[in-house]
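K.L.:
Need the 3D shape of this:
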Amino acid sequence: MSMEELDRAQLLAAASKFPVPPGLKFSYGTAGYRSEASLLPSTVFRTGVLAALRSLCTQAATGVMVTASHNPIEDNGVKVVDPRGEMLVQDWEPLADALVNAQGSEMLLKVVEDIMEKKSANCKGFTFGKVLLAKDTRPSGESLLYIAKQGVEAVSGVVAILSGTLTTPQLHWMVCAVNRGVAFGESEYLLQLSDGFRLLLELKPTQLNDCTSPTYYERLIVDGSHGVGASKLFQLQKSITDLQLEIRNCPQDGVLNDHVGADFVQKGRTGPHGFDCIKDSGRRCVSFDGDADRLVYFYFSRIDGMDKHIMHLLDGDKIMALFALFLMQQFRDLCLFDATMKEQNKQSMASCNEYFVDGYGPVRFGLVQTAYANGSSTMYLREELGLNVVLTPTGVKYLHAKAAEYDVGVYFEANGHGTVLINEAFLLWLRSEYASNKDGNATSDKEGCKTLQCQAGQRLLAISEIMNQAVGDALSGLLLVEVILRYMNWSIQDWDAIYTDLPSRQLKVQVLDRASIKTVNAETRVTIPLGLQDAIDAEVGKIPGGRAFVRPSGTEDVVRVYAEAATQDGADILAHAVAVHVYQLGGGVGESQ
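P.N.:
This is a model prediction of the structure:
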């Protein structure tokens, strides 16, 4: 589309219904835009316009998701899904902010024209676009979804497809699927997950008898956060008979995210509403967040000799460790690592996660965390499993991009957001070698697939079906965890025992200007203000097992402090000491630390 083809009158007439609230300025982040729902109509409308322009300029379908994830029910938000199902590319984020914050009709029109001019090489000549729209279960979602639709349709030639109530990962998956030219309905999404789960169970070695598995007869208790994930899990359960679920905190049972959900459990280190530490003691539990893009596991146990129970958290770090352990075994089998492993494997494994596979070549296996990952998890991956771990700045967009650089990449944040990515070249090779049906998908074929290599190849194909290749997905993460526990013949307590988290403490310090704090090395070292990093290093040196870093918030004028140590008292003392230095050297305001 050229600027001459833009129907300015149509755009301005539609935009006039949703004026920008005075005194507000929105900034596009990893979560898109979020705010109290009543303040969002203009932002949602203009995000719809942006998604339409992005569709025209990529000549592919995009998406708009109306959700605020783990925020309180009175909030809402909106974000754009890019054609590959990933988050909006970073160089479009400033364009989004300019569009959303433009004051008045003339300025709005100018910003739209500027976007088309800047992206003219991509947009010119294209007159048709498509945007898929969905929402979570928030009461404000319905009206905001239709406002987003009006924004999309205000751009000539772009069609808005209402997809109803979905999890955020479902919409990401659907946008990716439609651009791949395959069926992209909700039923296809659920079928892909259930088929991958079934195949992995069928490929389980025969010596691993389900009858002896600690997880086979025991129901998994799911905290649905009173959100959309619970509803979708009920649908998925209909096609999965080998997994016993007890789903609590469904949408009709209470208020979204109110003392429930992955964010509440992970940050509060406490069980969600509807769970009883005595009645549920020892049982395997998992918690989704409000839009089902995060999950964390947990269980309760009684303290020996005391009439008291505690909760044990298995967060994104521990999920990543479980996935890494399982994937490593598949690579070893694919390479015949233990028997006829090539010399290339012996050399490459000494320095990096690289396996040499006959017929393909080196397969690079990447593990990606942020500095917030517990030190024990990183130590387990590096020292126990012998795997390299790469750190990125905080934010899913950084983790996802880094993981995508590998043939197989795994990323997780401690909050439970993460996935397993298998790149297209390696996936095509796996399909050509090990898929046993005409569609290029893996199917269980034990008679024709008896070798370790073949079975490992089919398992990797099944993992690519289960794990959402676009974004973290609580439903797919749950299925892979449950399969691996069966393979390992582990209870949740066995899994938890692979390492013990170091005690940690997080604080935040209010500052005059968060931009005055500069960091490097994946936000682990401070360069400005001068002297702050030296002060942090000095405090760390006083505490056994100490580690600490600070980083400016991406959304508010605060500096976040993270500290861990060998004991909880040590972590608390270190966090407070570092916070004092941040306040004194970083322009602290308000009550002193």
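K.L.:
contacts and neighbour counts: CA atoms only from here.
P.N.:
Noted.
K.L.:
gap between S239 and K232?
P.N.:
12 Å (CA to CA, to the nearest Å).
K.L.:
which of those two has more neighbours?
P.N.:
Using other CA atoms under 10 Å as the criterion, S239 and K232 rank with K232 on top: 19 against 15.
K.L.:
From P251, how far off is that one?
P.N.:
11 Å.
K.L.:
Equivalent analysis for H576, please.
P.N.:
According to CA to CA, H576 and P251 sit 39 Å apart.
K.L.:
Where do the strands of the stretch 1-150 of the chain begin and end?
P.N.:
With strands called from DSSP state E, counting those that start in this stretch, the stretch 1-150 of the chain shows them at 33-36, 62-66, 75-81, 129-135.
K.L.:
Can you give me the buried ones in the first one?
P.N.:
So the one you mean is strand 33-36. By 16 or more other CA atoms under 10 Å, the buried positions in strand 33-36 come out as Y33, R34, S35.
K.L.:
Of those, just say which sits nearest to G261.
P.N.:
Minimum distance to G261 across the buried residues of strand 33-36 is 18.4 Å, recorded for R34 (CA to CA).
K.L.:
To what extent is the residue nearest to the closest one when sequence neighbours are not counted buried, counted in neighbours?
P.N.:
Excluding the flanking residues, the one nearest R34 by CA to CA, 6 or more residues apart in numbering is G77, at 4.0 Å. The number of residues packed near G77 is 26, by other CA under 10 Å.
K.L.:
now do D91
P.N.:
Neighbourhood size, D91 [other CA under 10 Å]: 8.
K.L.:
Next one: it relative to I115, how far apart?
P.N.:
Going from D91 to I115 by CA to CA gives 11 Å.
K.L.:
same deal with G261?
P.N.:
Counting by CA to CA - G261 and I115 are separated by 39 Å.
K.L.:
Which one of the two is surrounded by more residues?
P.N.:
The neighbour count for G261 versus I115, taken as other CA under 10 Å, is higher for G261 (31 against 21).
K.L.:
Now the more buried one: phi and psi?
P.N.:
phi 100, psi 160 (degrees, to the nearest 10).
K.L.:
begin at 9 from here
P.N.:
Sure, I'll start numbering at 9, so the last one becomes G269.
K.L.:
can you pull the contacts of it?
P.N.:
Each residue near G269 by CA atoms under 8 Å, 6 or more residues apart in numbering is listed here: H78, D231, G232, S233, H234, P280, S295, F296, D297, G298.
K.L.:
quick one: low-confidence ranges for the protein?
P.N.:
Along the chain, the parts satisfying pLDDT under 70 run over 9-13, 128-135, 215-225, 344-360, 444-456, 563, 601.
K.L.:
For burial, what's the neighbour tally of I81?
P.N.:
With other CA under 10 Å as criterion, I81 counts 20.
K.L.:
correct me, but it touches P259?
P.N.:
No. Between I81 and P259 there is no contact under CA atoms under 8 Å: 11.6 Å.
K.L.:
picking that back up, same list, the buried residues of strand 41-44, but as JSON lines with distance to G553 please.
P.N.:
Below are these laid out as JSON lines (distance: CA to CA, whole Å):
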{"residue": "Y41", "distance to G553": "38"}
{"residue": "R42", "distance to G553": "38"}
{"residue": "S43", "distance to G553": "39"}
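K.L.:
which among the residues you listed gets closest to P552?
P.N.:
Nearest member of the buried residues of strand 41-44 to P552, counting by CA to CA, is R42, at 40.0 Å.
K.L.:
ok, the closest one touching A76?
P.N.:
Yes. Using CA under 8 Å, R42 is in contact with A76, at 6.2 Å.
K.L.:
any shared contact partners between these two?
P.N.:
Both R42 and A76 are in contact with D83, N84, G85, V86, where contact means CA under 8 Å, 6+ apart.
K.L.:
Give me the buried subset of the residues you listed.
P.N.:
Neighbour-count burial (16+ other CA under 10 Å) is assigned, among the shared contacts of R42 and A76, to D83, N84, G85, V86.
K.L.:
What separates the first and last residues of stretch 213-227, distance-wise?
P.N.:
Using CA to CA, the end-to-end distance of stretch 213-227 comes out at 23 Å.
K.L.:
Now the phi/psi pair for H234, please.
P.N.:
When read as degrees, to the nearest 10, the backbone of H234 gives phi 60, psi 30.
K.L.:
Now do the strands in the stretch 209-358 of the chain.
P.N.:
228-231, 253-256, 293-296, 303-310, 317-322.
K.L.:
The third one pairs with which strands?
P.N.:
Partner strands for strand 293-296, per DSSP bridges, with pairing direction: strand 228-231 (parallel), strand 303-310 (antiparallel).
K.L.:
Include mean neighbour count and distance to R340 when you put those strands into CSV, please.
P.N.:
Shown next, in CSV, are these (neighbours: other CA atoms under 10 Å; distance: least, CA to CA, whole Å):
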stretch, mean neighbour count, distance to R340
strand 228-231, 24, 30
strand 303-310, 24, 28
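K.L.:
Format those as JSON lines; extra columns: distance to F26.
P.N.:
Output for these, formatted as JSON lines (distance: least, CA to CA, whole Å):
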{"stretch": "strand 228-231", "distance to F26": "37"}
{"stretch": "strand 303-310", "distance to F26": "36"}
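K.L.:
of those, which approaches S113 most closely?
P.N.:
Short answer: strand 303-310, nearest of these by CA to CA, at 42.4 Å.
K.L.:
The closest one vs strand 317-322, what angle?
P.N.:
Interaxial angle, strand 303-310 versus strand 317-322 (axes from the mean of the first three to the mean of the last three CA atoms, to 10 degrees): 150 degrees.
K.L.:
Quick one: residues in contact with strand 303-310.
P.N.:
Applying CA under 8 Å, 6+ apart, the set of residues contacting strand 303-310 is 270, 273-274, 285-286, 288-297, 316-324, 327, 423-425, 482, 485-486, 500.
K.L.:
just stretch 544-559 next, same as before
P.N.:
Contacts of stretch 544-559 with the rest of the structure, by CA under 8 Å, 6+ apart, involve 525-527, 531-534, 567-574, 578-579, 582-583, 585-586, 589.
K.L.:
measure V57 to V304 for me?
P.N.:
35 Å.
K.L.:
Please apply the same query to P27.
P.N.:
On the measure of CA to CA, P27 and V304 end up 40 Å apart.
K.L.:
likewise Q200?
P.N.:
Going from Q200 to V304 by CA to CA gives 23 Å.
K.L.:
now swap in V558 and tell me
P.N.:
According to CA to CA, V558 and V304 sit 25 Å apart.
K.L.:
In three-state terms, label L199 for me.
P.N.:
When classified by DSSP: H, G, I helix; E, B strand; the rest coil, L199 comes out as helix.
K.L.:
List the residues that contact it.
P.N.:
By CA under 8 Å, 6+ apart, L199 lies in contact with S247.
K.L.:
same thing with L19?
P.N.:
By CA under 8 Å, 6+ apart, the contact set of L19 is A162, V163.
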